[in-house]
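>>> based on what follows, work out the 3D shape:
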Amino acid sequence: MNNRSRFLLPLGAALLLGAALVLRFLLTGPEATAPAATAPSMTASPASTAASESSPAAVRGQPSALVKSEPRAVVSSEGRGATVVPTGPGDEVPEPEVENAPPQQNDPIKPELPQTAEWKHGKLVRITELMERDVERLEEERAVAEANGDKEEAKRLEVQLSRHRARLTKLNEETAALAGQASQERAAQ
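Next up is the predicted model:
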């Protein structure tokens, strides 16, 4: 017997046993396993009703009228109870959905600010600052990779550095051009 069969046979047996137990539970339901005395009667006290509602088997055996009369718990279709949270005086309760409701008025959309040369210049300056920080970080990472003897990582970082530097050169050119346009806009105002 090899190691694989030593592992697979008990695993298969456990899966079959588990499937059989699940099928038995699903076919008979939890009512078959719970004693009949656990279902609360209509004359039971609220404390005993709340205690018995905590078990799913007891909730499924209850008539629906009793579940609806209990204000503290709501029973879902699976039979598990959910807590109802009381609303306070300052809480905003949403209105229930109504069929064929009249259309609601949307909030007005704020107009978009003009994208002036000065605004674009400010954005490019910020992007340039971030790109310069990335170049510095990549140079440090490349130096660490070279110190550790990781030539592949150093080469990858060098390629990334060359791309960042090329983009930074273009950004500096665009920033210089927009700086001139922004100064002309300020002078015109």
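>>> what are the ranges of the strands in the chain?
For the chain, applying DSSP state E gives strands covering 73-75, 81-83.
>>> can you count the residues close to the closest residue to Arg167 other than its chain neighbours?
Of all residues not flanking Arg167 in the chain, Met131 sits nearest, at 6.4 Å (CB to CB, 6 or more residues apart in numbering). (Glycine included, C-beta is placed from N, CA and C.) The number of residues packed near Met131 is 17, by other CB atoms under 10 Å.
>>> which residues does Met131 contact?
Met131 makes contact with 164, 167-168, 171 under the criterion CB atoms under 8 Å, 6 or more residues apart in numbering.
>>> now swap in Ile127 and tell me
Residues near Ile127 by CB under 8 Å, 6+ apart: Leu171.
>>> and the strands of the chain, which one is worst for confidence?
Per-stretch mean pLDDT for these is lowest at strand 73-75 (a mean of 48).
>>> hey, which helix or strand in this structure has the poorest pLDDT?
helix 64-69 (a mean of 43; mean pLDDT, DSSP states H and E).
>>> now Thr87. Its backbone dihedrals?
phi -90, psi 140 (degrees, to the nearest 10).
>>> tell me the spacing between the spatially closest residue to it that is not a sequence neighbour and Glu153.
Leaving out its chain neighbours, the residue that sits closest to Thr87 by CB to CB, 6+ apart is Val93, at 5.8 Å. Here Val93 is placed at a distance of 58 Å from Glu153 (CB to CB, to the nearest Å).
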